[in-house]
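Participant: Fold the following.
(one chain, ligands or ions: 2)
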Amino acid sequence: MSRLRTLVVVLGDQLDLEAAAFDGFDPAQDAVWMAEVDEESTHVWSSKQRIALFLAAMRHFAQALQAAGRPLHYRRLDDPGNLGSLAAELQATLAKLAPQRVVMTAPGDWRVWQSLQAVVEGGGLALEIREDRHFFSTVREFAAHAKGRKSLRLEYFYRELRQRHDVLMHEGQPIGGQWNFDADNREAFGPEGPGPVPPRATFEPDALTREVMALVETRFAQHPGTLASFAWPVTRAQALHALHLFIEQRLPLFGRFEDAMWPGEPWLYHSQLSAALNLKLLTAREVVQAAEAAYRTGKVPLESAEGFIRQVLGWREFVRGIYWTQMPGYLERNALDARQDLPAWYWTGHTDMACLRDAIAQTLAHGYAHHIQRLMVTGLFALLLGVRPQQVHAWYLAVYVDAVEWVELPNTLGMSQYGDGGLLASKPYVATGRYIQRMGGPCAGCRYDPAQRTGDRACPYTTLYWDFLMRHEELLARNARMALQVKNVARLSPAEREAVAQRADAIRQGRVGKPA
Ligand SMILES: Cc1cc2nc3c(=O)[nH]c(=O)nc-3n(C[C@H](O)[C@H](O)[C@H](O)COP(=O)(O)OP(=O)(O)OC[C@H]3O[C@@H](n4cnc5c(N)ncnc54)[C@H](O)[C@@H]3O)c2cc1C
Ligand code: SF4
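Facilitator: Ligands and ions are numbered 1, 2, ... in the order given. Model prediction:
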């Protein structure tokens, strides 16, 4: 038997038969390698939903590879002798198969890239990394855009990409005469709530997925969350169907209610496509094209199509560029010198703060929360409390089904925790409980009052907001976008400052915000 020519490494978030790693693939000479390993579910305390999604999608992709006639070496988590890490498993495979070369599509995680590269190089080969065509832009293009800029802003990069890829453009100008419809996209629901919302797109687990779910329930019994509601798309066909349902049912109102919340409504008008995108069951291009086509055929208003495209063509590409140009140092950044531990109840939702209880409960039930819940409920509380960004990062990476480090870390450490000191966001996203109330949070059913800063009923967000401004007054005074907020804090009397600081201490010590 002749020696294997190419071993194509496929990771759990690279489930695309058309990926660059397969260019030139010859089943007679080449083979694919995939491995399920404990380390990927335990390096952070991954939720059951997240583990089940990755494993179920990987096993379905293995079937697709076999159906496509591509020889596959697949290591299951429950295979006897599974070595527990990608590096150890790959090393053993290299020793057994002795391929002439090892190829993979660019991975989504610095740690994994480093460890696989070390193994391949240790075996006397070079790891050939190919461009991830799934994205519109390359890291090199982002680096060129970023060169010489003191701070990086989504808006400029987004406009460049709109022009370069001719998305929502007409004769070189943005359709509708403006790039941005954010001002139209900040509506909250009235007191009557959202009314009937389209049902979540659900995919009944098949036998293969149920097998994975049983494995997760036994092997990761102590991990956070539950699997009862598991219904994520795990194949490309399902992901395409989910995209179709989103475009038809949710996209028309996506823009208008992009920032809105409502108790008991986890999905609202959000696409729920992030996991399918990040696992590469869908490409960013087809998702953007579908949204643009819906606008051009008059199915959805411009502000919805643009609002959605801004997230995928804009934010998603932008944070990827930040991650790969800033790692590995980015992971350690802590510009506000935040040192508090993440409250233990982030893993259970056992708190008497209704908004946090709801957002965490839904996160544990589905592995999902929409952007405003992540940024302005769980993220905001951690920022105001002063939690070490690395602990906040470990939580977000663990609990969400769409969490892969290239997208999770810049969002968490940069956008939500201001840990990079303003590289990604022009100012810290801080607000009182009134913001949560205004956007539809469950304040009416909460024991706290978002309008109160001090006293027994003061909303912890509101207290901590003022405490945050006081603690970082000097630093924030240097930021023109924070001028108004800094001016307000300067007006507080010494007695008011003392009362805020005392209650903030009580919150930090866990004497306020106790289990419900
Ligand atoms: C603290 C924090 C952590 C986050 N962690 C992740 C993560 O691990 N993985 C992840 O995919 N997104 C993450 N996001 C971004 C965003 O919250 C999710 O992409 C979104 O909530 C997923 O739900 P959806 O598919 O219904 O999104 P929609 O609201 O329907 O948005 C459409 C798509 O746009 C993309 N998108 C939207 N916002 C962002 C963003 N800020 N950055 C990158 N892509 C974006 C996603 O692919 C999403 O599917 C995080 C945001 C915050 C504030
Ligand atoms: S009052 Fe404060 S803690 Fe309670 S739900 Fe509103 S914002 Fe959250």
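Participant: Okay, buried residues for the least confident helix or strand in the chain by mean pLDDT please.
Facilitator: Within the chain, confidence by mean pLDDT, DSSP states H and E is lowest for helix 483-490 among all helices and strands, at a mean of 92. For helix 483-490, a neighbour-count test (16 or more other C-beta atoms under 10 Å) marks Gln485, Val486, Val489 as buried. (Each C-beta comes from the backbone N, C-alpha and C, glycine too.)
Participant: Identify the residues contacting the last one.
Facilitator: For Val489, the contacting residues are Trp466, Leu469, Met470, Glu473, by C-beta atoms under 8 Å, 6 or more residues apart in numbering.
Participant: rerun at 10 Å
Facilitator: 465-473, 476-477, 482, 496-497, 500 (C-beta atoms under 10 Å, 6 or more residues apart in numbering).
Participant: Repeat that for the second one.
Facilitator: With contact set as C-beta under 10 Å, 6+ apart, Val486 has these partners: Leu469, His472, Glu473, Glu474, Leu475, Leu476, Ala477, Arg478, Asn479, Ala480.
Participant: Equivalent analysis for the first one, please.
Facilitator: With contact taken as C-beta under 10 Å, 6+ apart, Gln485 is in contact with Lys427, Pro428, Val430, Ala431, Tyr465, Trp466, Phe468, Leu469, Glu473, Leu476, Ala477, Asn479.
Participant: same deal with Gln326?
Facilitator: Trp110, Ala146, Leu152, Arg333, Leu409, Pro410, Leu413, Gly414, Asp420, Leu423, Leu424.
Participant: Among these, which ones are in helices?
Facilitator: Trp110, Ala146, Leu409 (DSSP state H).
Participant: from the chain's centre, how far out does the strand or helix carrying Arg162 sit?
Facilitator: For Arg162, the host element (DSSP states H and E) is helix 154-164. The chain centroid and the centroid of helix 154-164 are separated by 21 Å, computed with C-alpha atoms, centre = their mean, to the nearest Å.
Participant: Stretch 206-219 too?
Facilitator: Counting by C-alpha atoms, centre = their mean, stretch 206-219 comes out at 24 Å from the chain centroid.
Participant: Next one, pLDDT for Phe181 please.
Facilitator: Model confidence at Phe181, given as pLDDT, is 88.
Participant: Against Lys96, how distant is it?
Facilitator: Computed as C-beta to C-beta, to the nearest Å, the Phe181 to Lys96 distance reads 55 Å.
Participant: Would you mind telling me which of those two has more residues around it?
Facilitator: Neighbour totals were compared for Phe181 and Lys96, and Phe181 leads with 19 against 10 (other C-beta atoms under 10 Å).
Participant: In three-state terms, label His270 for me.
Facilitator: Under DSSP: H, G, I helix; E, B strand; the rest coil, His270 falls in the coil class.
Participant: Begin at 211, not 1, for the rest of this chat.
Facilitator: Right, with 211 as the first residue, what we last looked at is His480.
Participant: pLDDT score assigned to it?
Facilitator: pLDDT at His480 comes out at 98.
Participant: is it true that it touches Gly465?
Facilitator: No. The pair His480 / Gly465 is not scored as a contact, 11.5 Å apart, by C-beta atoms under 10 Å.
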